[in-house]
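>>> Generate coordinates for the sequence data below:
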Amino acid sequence: MSNEDAPQAIYDECKRNSWTVDYLINNAGFGGQGDFTRERTLEQDIQMMRVNMETPTRLMNLFLPDMVKRGSGKVLNVSSTAANMPGPLQAVYYATKAYLTSVSNAIWRELKGTGVTVTALMPGAMQTGFIQAGGLDKTPLFAHAVDPMAVALAGYMGMLKGKLNVISGLAGVQKIGYPLMPIMPKTPMLDFVYEQQKTK
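From the prediction side, this is the model:
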């Protein structure tokens, strides 16, 4: 999904087979733990930006016009609770999810009255391959990661209802901290997130 041509290839394959896409679920994505200056490479983060932001944007650009023309269709973009705060030690990942949630919400409003909706699923820490792929298995944030099935179901049902955002799967410290994020002073919040993402 980091290939610029992948979204067009997917769309063309659907057209070639006369497949009507009622639901588009953009679930591909990855993170990566590490200090932006000393541990991450630019190429790692550019690849992440392509998969987490560019690819879902391209797919929506291809599939949404067909949905609007039919007057029906739904998109579920898998974002993250990370979208609502800066993320030291995952700086670019958090920023990509802020973008994905923002663009999803804006397009949701643009589509009002068309019969088509875009929902952002914002999960907390889940027990998926994302943890190992991102090098997050030894961080406090993922010590209490939840089973992804309930989160996936919540996202799917929220998409069917045309919800704007679905927040699901908060566990451990996230249950306490997440609702307080909007009112927390920025500097202590950054310190808190940093400590949650440090490798033990």
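
>>> So residue 150 versus residue 197, what's the distance?
24 Å (Cβ to Cβ, to the nearest Å). Just so you know, the C-beta spots here come from the backbone N, C-alpha and C atoms, and that holds for glycine as well.

>>> Same drill for these two, tell me which one is more crowded.
residue 197 (21 against 13; other Cβ atoms under 10 Å).

>>> For the helix or strand where residue 149 lies, name the packing helices and strands.
In this structure, residue 149 sits in helix 148-160 according to DSSP states H and E. Using 3 or more Cβ pairs under 8 Å, 6 or more residues apart in numbering; DSSP states H and E, the elements in contact with helix 148-160 are strand 73-78, strand 116-123, strand 165-168.

>>> Now do the second one: distance to the chain's middle.
The one in question is strand 116-123. Strand 116-123 has its C-alpha centroid displaced from the chain centroid by 9 Å (Cα atoms, centre = their mean, to the nearest Å).

>>> Which residue, neighbours along the chain excluded, lies closest to residue 166?
Spatial nearest neighbour of residue 166, chain neighbours left out: residue 158 (3.6 Å); criterion: Cβ to Cβ, 6 or more residues apart in numbering.

>>> which residues does the one you found contact?
Applying Cβ atoms under 8 Å, 6 or more residues apart in numbering to residue 158 gives the contacts 76, 119, 121, 165, 166.
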